[in-house]
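Peer 1: Based on what follows, work out the 3D shape:
(one chain, ligands or ions: 1)
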Amino acid sequence: MKQDMIVILDLGSTENTTIARKIREMGVYSEIHAHDITPEQLAELKNVKGIILNGGENRIVDGAAVDILPALYECGYPMAAIDHPTAKCKKQWSVLPDEADLREFVFGVCQAQANWNMKNFIEDQIELIRSQVGEKKVLLALSGGVDSSVVAAMLIKAIGQQLVCVHVNHGLMRKNESDSVIEVFKNQLHANLIYVDATERFLDKLENIADPEQKRKIIGGEFIRVFEEEARKLEGIDFLGQGTIYPDIIESGTKTAKMVKSHHNVGGLPEDLKFELVEPLKQLFKDEVRACGIELGLPESMVYRQPFPGPGLGVRCLGAITKERLNAVRESDAILREEFEKAGLNKKVWQYFTVVPDFKSVGVKNNARCFDYMVIIRAINTVDAMSATVERLDWDVLARITERILAEVEHVCRVCYDMSPKPPATIEFE
Ligand code: XMP
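Peer 2: All right, here's what the predicted structure looks like:
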């Protein structure tokens, strides 16, 4: 291990990640662990330079206040405590320390080196992956999203052809999306990539299904089935690569943290497909995952792409999906993205896309009455996707996008701009 580490022990605080992030921003690696970690487990972490006992409002578990194991106080690590009464620590803070105090503890008391950077992290992970995997093979579902792409790039660097990537095109991808996955991973990084075009299979299953929840269930379930079928065709796979990132783990709850949401990345594969997991990003926050992707040489367009839901355009082609309207969503989305890029809005706006409802309106084209679909544009800003505000788009940009959609996309005669914040509207329509 190349980097020094400060360990944060969770004694019921809601601000473990804030402190971990602050310490990482100082260039020192930091991890959050449960309060009942043993001295042996701590020793296995290697290069631990100091410990912060982080108390807080959730400290009472089963009627008693939690504490660390008594033996840990005797291990000789420099310790600080936040909101956790104890006489055994070098530093005592009743509230979150300010940056100067934290620095003094990390660099002054613990003598940690500021050697946490992506290069060292990648080198460490490669070493860990190689020792975990040996000569065996790893399977990875490569969607083309940020997390799975960065995991793929990391695994290719670590184990090359021992990684088997499966890219399932469910037919609900954006324009050229699967092509760019193939271009980057197969042609440029020479990955062992299996491409499955399951478009017709998904569209068959989705025929006449209008209920959003049912659509989502069908897409999610079918995705697992296709992936499972591919996995069964392969011989000698022992490991499954996963794009699990730090928030997935933290949000699943440590012993004192409240459950925010259950960790969903791993679920879904049948019991008899037994894989050991390889999760090289599980200690990274989202912005660190992006920095890791850039360091590994992935294109910016892949690493900084906007969020895209798993069910893809399936939840943007509203109601029962038809090829005609799916095409209209895909083409209008491509125009929107192109024009946003030209106007420099792709770096400014958090998420932007189009949807096509399942009803028609009257229009005139070529001097004749027509009856066609409408495209709705949505462009929002948010911090955490829990609430969102609408981007105040420049009128000329909106007009240009509208003009292009009406001229270039078949079966569309009307374009609208969605002005609704979240709440009450969600970001997606379904
Ligand atoms: P809503 O519509 O709930 O969306 O306001 C919040 C954010 O989550 C994204 N989203 C998804 N992401 N799988 C995902 O990975 C999904 O099924 C899914 N549904 C919504 C949405 O695009 C927005 O950024």
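Peer 1: got the residues of the stretch 301-430 of the chain near the ligand?
Peer 2: Pro307, Pro309, Gly310, Pro311, Gln351, Ala385, Lys422, Thr426, Ile427, Glu428 (CB under 6 Å from any ligand atom). Where you see a C-beta, it was placed from the backbone N, CA and C, and this is true even at glycine.
Peer 1: buried subset of the residues you listed?
Peer 2: By neighbour count, with 16 or more other CB atoms under 10 Å, these hold Pro309, Pro311, Gln351, Lys422, Ile427, Glu428 as buried.
Peer 1: can you list those residues in JSON lines and add distance to Leu273?
Peer 2: JSON lines is the format used below for those (distance: CB to CB, whole Å):
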{"residue": "Pro309", "distance to Leu273": "25"}
{"residue": "Pro311", "distance to Leu273": "23"}
{"residue": "Gln351", "distance to Leu273": "34"}
{"residue": "Lys422", "distance to Leu273": "37"}
{"residue": "Ile427", "distance to Leu273": "33"}
{"residue": "Glu428", "distance to Leu273": "30"}
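Peer 1: Grab the two from the residues you listed that are most spread out in space.
Peer 2: Greatest spacing in those, by CB to CB: Pro311 and Lys422 (18.4 Å).
Peer 1: Name all residues that make contact with the residue of the stretch 101-250 of the chain found nearest the ligand.
Peer 2: With CB to the nearest ligand atom, the shortest gap between the stretch 101-250 of the chain and the ligand falls at Arg216, namely 6.3 Å. For Arg216, the contact set (CB atoms under 8 Å, 6 or more residues apart in numbering) comprises Pro311, Gly314, Val315, Glu430.
Peer 1: Show me the one in those that has more neighbours than the rest.
Peer 2: Counting neighbours by other CB atoms under 10 Å, Gly314 comes out on top of those with 26 neighbours.
Peer 1: Looks to me like that residue is in a strand.
Peer 2: No. With DSSP: H, G, I helix; E, B strand; the rest coil as the criterion, Gly314 is located in helix rather than a strand.
Peer 1: which residue sits closest to Glu339 in space, ignoring its chain neighbours?
Peer 2: Ile401 (4.9 Å; CB to CB, 6 or more residues apart in numbering).
Peer 1: Need phi/psi at the spatially most distant residue from the centre of the chain.
Peer 2: Within the chain, Asn367 marks the point farthest from the mean C-alpha position, 48.6 Å out by CA atoms, centre = their mean. The phi/psi pair for Asn367 (degrees, to the nearest 10) reads phi 60, psi 20.
Peer 1: what's the pLDDT at it?
Peer 2: On pLDDT, Asn367 comes in at 95.
Peer 1: again with the one 3 residues further on
Peer 2: We note a pLDDT of 97 for Cys370 in this prediction.
Peer 1: how much space is there between the residue nearest to it when sequence neighbours are not counted and the ligand?
Peer 2: In this structure, Cys370 finds its nearest non-sequential neighbour in Gly363, 4.8 Å apart by CB to CB, 6+ apart. Noted for Gly363: a distance of 29 Å to the ligand, by CB to the nearest ligand atom, to the nearest Å.
Peer 1: for Gly363, what are its contacts?
Peer 2: With CB under 8 Å, 6+ apart, Gly363 has these contacts: Arg369, Cys370, Phe371, Asp372, Cys413, Arg414.
Peer 1: Give me the three-state assignment for it.
Peer 2: Gly363, by the three-state scheme (three-state DSSP), is strand.
Peer 1: In TSV: the contacts of Arg216, plus pLDDT.
Peer 2: Below are the contacts of Arg216 laid out as TSV (pLDDT from 0 to 100):
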residue	pLDDT
Pro311	96
Gly314	98
Val315	98
Glu430	97
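Peer 1: Looking at those residues, which is nearest the ligand?
Peer 2: Taking those together and measuring to the ligand by CB to the nearest ligand atom, the closest member is Pro311, at 5.3 Å.
Peer 1: List the contacts of that closest one.
Peer 2: So Pro311 contacts Leu172, Lys215, Arg216, Ile219, Gly220 (CB under 8 Å, 6+ apart).
Peer 1: filter the residues you listed to the buried ones?
Peer 2: Buried among the contacts of Pro311 (16+ other CB under 10 Å): Leu172, Lys215, Arg216, Ile219.
Peer 1: Now for the residues you listed: which two are most distant?
Peer 2: So, these by CB to CB: farthest apart are Leu172 and Arg216, at 11.2 Å.
Peer 1: shared neighbours of the two, which are they?
Peer 2: Between them, Leu172 and Arg216 share the contacting residues Pro311, Gly314, judged by CB under 8 Å, 6+ apart.
Peer 1: ok, which stretches of the stretch 101-250 of the chain are helices?
Peer 2: Using DSSP state H, counting those that start in this stretch, the helices assigned to the stretch 101-250 of the chain run over residues 118-133, 146-159, 177-181, 199-206, 212-233, 246-251.
Peer 1: highest average neighbour count across those?
Peer 2: Scoring the helices of the stretch 101-250 of the chain by mean neighbour count under mean count of other CB atoms under 10 Å gives helix 146-159 as the most buried, with a mean of 24.
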